[in-house]
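1. Pasted the sequence and its predicted model underneath.
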Amino acid sequence: MILRFFNLQWKQFFRSSYWQKNVVINILMVFFAIYFMLIFLGLGFGLYPLLKEQFPNQDPLLIVNNYLFYWLLGDLLMRFFFQKLPVMNIKPLLTLPIKRNSILHYILGRSALSFFNFLPLFTIIPFGIILLLNGYMTSVVFTWMFLIVILTLITNFLNFIIESKSAETELSFLPILAFSGILFGLNYFNIISFTDIIGNTINAITTDSIFLIIPIAILITLYYANYYILKQKLYIDQSLKAKTEIATTTDMAWTRRFGSVAPFLQLDLKLLWRNKRPRSSVFIVAIGLFYGLFFYPNPTYQNMVAFYVFVGIFVTGIFMINFGQFIPAWDSGYYKLLMSQNIKYKEYLSSKHKLMMMSAILMFILSIPYVYFGWKVLVVHFAAMIYNIGVNSHVLLYGGSFNRKKIDLNQRAAFNYQGTGAVQWIIGFPLLIIPMVLFYIPYKFINFEAGLATLIILGIIGIVFHQKIMIAITKKYIDSKYKMIEAFNQDN
Amino acid sequence: MIKATNISKKYGQTTVLQLENLEIPKGQSFGLVGNNGAGKTTFFNLLLDLIQPTTGSITNNKIQVDKSEDWKPFTAAFIDESFLIGYLTPEEYFYFIGELRGMNKADVDTFLEPFEELFNGEIIGKRKYLRDLSKGNQKKAGIVAALIGNPEVIILDEPFANLDPTTQIRLKKLLKSLTEENKATILISSHDLGHVTEVCERIVVLEKGELIKDIETSEATLKELEGHFSL
């Protein structure tokens, strides 16, 4: 049975047009995976000598154990944002003679095979070998290694509980941020020292491997907690069927002034507000707005003006990046309608561009209070806004023509955590880094103003040639029209 | 009005549609029947330029559909639920389509009045999004939306499926009146031989992508079709 499920998933993955058409992104993912493996491997080999050199009087293993709390917390956060619960279309399976148990065990078991669970091995194994070479007791080392594996799996299943609970709420990422924030805070201000608790527990377990029972018990408990949460979702009236909402209608007469793009603008605003997925990209804006507070008060960044550009692009462009990279997939559910209705492609695309432009201006206005940290911050933000409007928005629109992944706005399928994977973040990266580089080079060799001017001039060029660029982009969309229709017709 | 010349669609080695010459004059109500995989939806998709023909071309009012978009203003279609925008209420959806066809809200409201009977009080003013309506009601909304703005060509794929008997009868009446009144060309496909023979003046039978029969509807048509398909 397990083999059959595996077979189904394999087919789902490789037969989806997303896989076939996005080879580049898949290669990029492999590249990132290798990159992280190398980093972890380096950490595994380098950790022992490094700690020995820095703290010659302490036992490196004990130091590591003391910091494991942060490792686990970081692991949990990373997983929340990057790891996806294995998605499986269970509805067709429910009426077949398959035990519900085996569906559940399969889903959970497969999650244990995630890349995230193998990554720590790259550190643990070399570190363990070095420990052995340095005369640690074999039993201690093996207990320790085994323990870390179990802790990794505990984080794995803990993450799914948090993820499945928070997916039901509006601001899905708030619970995890609150949870880890509180743990971190309690620890940091020494109210409850998790560092010590976890460190001591691990030390105790490694000295006497009988205590391994405790983490194993926790792991089994979490596994079954997941099991029961998922089990409730296996009934079609539970989660497979969405609740009906009471519709609220608004007139949005103010959009009229945008002329021919008004109906699309209205549609986009409704799209943003009435669907869970895009709505969360609106809420991310609020978080993005405060992102600058991580950097500006910190004296380390005072003289690193290039970081202002990063923050500026991020703050004024966060909505743009989050929303823009899924154009036109947001409309994938009814793309055929748009393609056969009386619609000019260019108007459809300009409405998206207007929306992104307005968001950049609005975010800039909201970010004006950052002037508190110096006028340079404000002018950098202004330049970043111009750059976002002139360059990044067009890049995003152009990139959209390569979009082949359907977004199911209706969210009817259970276990649907679509589009929360690592790819989304990778795409945003060049949009942030390139302007930083464009600023940094003239800034370094000429001066601050030259850096600013580069961004502003590039942005203005984009704005001036907006119509020309839009014609080129529209052409690109028309060229890939049939491919998009076909891809958006598929469910995976 | 519509002219398909030497049109074919192949996926790899398999031909799903192959029509040498098919002409549909203005104002005709045209019915497509055929078993699953006969190529009915493929033909509609080609006509709407949603897929690319392997050979040949289709013209709609002398406009080649895959070369120009100028056929869009006078053509409307409802193929399946993916023509609905799930997060809009039916009214908003009608207004949206109306707007694309140059009608303001008041125009759309006037347009919708005669459909009240068809809607049976389950669609307008219910404060529900389209995604939350039943399949049948979604279909009604989609079909009515395809009629907004008096299009000259109306394409409906399986309009009778999923509808309750009362609505089927009302829909038939509606479709018949359309060709009589304003000379719209209607293309429908159906698996229900009774319905098509009642509504359409002309029926074309497709089989494995090829045109098998082309019949002017008469008293004997239903018998003839039933005979054909019961083999």
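-> Happy to help now that I have it.

2. Report all helices and strands that the longest helix along chain B contacts.
-> Counting residues, the longest helix found in chain B (DSSP state H) is helix B:165-182. Here helix B:165-182 touches strand B:29-33, helix B:116-119, helix B:135-147, strand B:185-189, helix B:193-199, going by 3 or more C-beta pairs under 8 Å, 6 or more residues apart in numbering or on different chains; DSSP states H and E. The C-beta positions use only the backbone N, C-alpha and C, and glycine is treated the same way.

3. Can I get these in TSV including distance to chain A?
-> Below are these laid out as TSV (distance: least, C-beta to the nearest C-beta, whole Å):
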stretch	distance to chain A
strand B:29-33	17
helix B:116-119	16
helix B:135-147	9
strand B:185-189	13
helix B:193-199	22
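
4. Export the ones you listed as CSV, with columns for mean pLDDT.
-> Formatted as CSV, these follow (pLDDT from 0 to 100):
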stretch, mean pLDDT
strand B:29-33, 92
helix B:116-119, 86
helix B:135-147, 92
strand B:185-189, 93
helix B:193-199, 90
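
5. and B:Asn162, which of these is closest to it?
-> Evaluated with C-beta to C-beta, the helices and strands packed on helix B:165-182 place helix B:135-147 nearest to B:Asn162, the distance being 4.8 Å.

6. between that closest one and helix B:165-182, how many degrees?
-> 10 degrees (axes from the mean of the first three to the mean of the last three C-alpha atoms, to 10 degrees).

7. anything in the helix or strand that helix B:135-147 is followed by sitting right up against chain A?
-> Per DSSP states H and E, the first helix or strand lying C-terminal to helix B:135-147 is strand B:153-157. No: contact of strand B:153-157 with chain A (C-beta under 8 Å from any C-beta of the partner chain) is absent, the minimum separation being 8.6 Å.

8. Could you list the low-pLDDT ranges of chain A?
-> By pLDDT under 70, the low-scoring segments of chain A are A:1-2, A:9, A:12-25, A:84-91, A:167-173, A:234-251, A:280, A:410-427, A:491-492.

9. Skipping its backbone neighbours, what lies nearest the residue most central in space within chain B in space?
-> Central residue of chain B (C-alpha atoms, centre = their mean): B:Leu156, 1.4 Å from the mean position. In this structure, B:Leu156 finds its nearest non-sequential neighbour in B:Ile188, 4.7 Å apart by C-beta to C-beta, 6 or more residues apart in numbering or on different chains.

10. now do B:Lys135
-> B:Asn162 (4.8 Å).

11. wait, doesn't the one you found sit right on B:Gly136?
-> Yes: B:Asn162 is in contact with B:Gly136 according to C-beta atoms under 8 Å; the separation is 5.0 Å.

12. Identify the residues contacting the longest helix of chain B?
-> For helix B:165-182, the external contacting residues (C-beta atoms under 8 Å, 6 or more residues apart in numbering or on different chains) are B:27-29, B:117-118, B:120, B:136, B:140, B:143, B:147, B:150, B:154, B:159-160, B:163, B:184-186, B:188, B:195, B:198-199, B:201.

13. cool, and stretch B:222-231?
-> Counting by C-beta under 8 Å, 6+ apart, B:Val33, B:Asn35, B:Leu193, B:Gly194, B:Thr197, B:Ile203, B:Val205, B:Ile212, B:Lys213, B:Ile215 sit against stretch B:222-231.

14. for it, the distance to its chain's centre please.
-> 23 Å (C-alpha atoms, centre = their mean, to the nearest Å).

15. mean confidence score for that stretch?
-> Mean pLDDT, stretch B:222-231: 85.

16. List of residues touching the host helix or strand of B:Val204?
-> According to DSSP H and E, B:Val204 maps onto strand B:202-207. Applying C-beta under 8 Å, 6+ apart, the contact partners of strand B:202-207 are B:17, B:22, B:24, B:28-35, B:38-40, B:43, B:196-197, B:211-217, B:221, B:225, B:228.

17. When you filter those down to buried only, what's left?
-> Buried by 16 or more other C-beta atoms under 10 Å in any protein chain shown: B:17, B:22, B:24, B:28-34, B:38-40, B:43, B:196-197, B:211, B:215, B:217, B:221, B:225, out of these.

18. Next, give phi and psi for A:Ser401.
-> phi -70, psi -10 (degrees, to the nearest 10).

19. right, I mislabeled it, should have said A:Pro56
-> Torsion angles, degrees, to the nearest 10, at A:Pro56: phi -60, psi -20.
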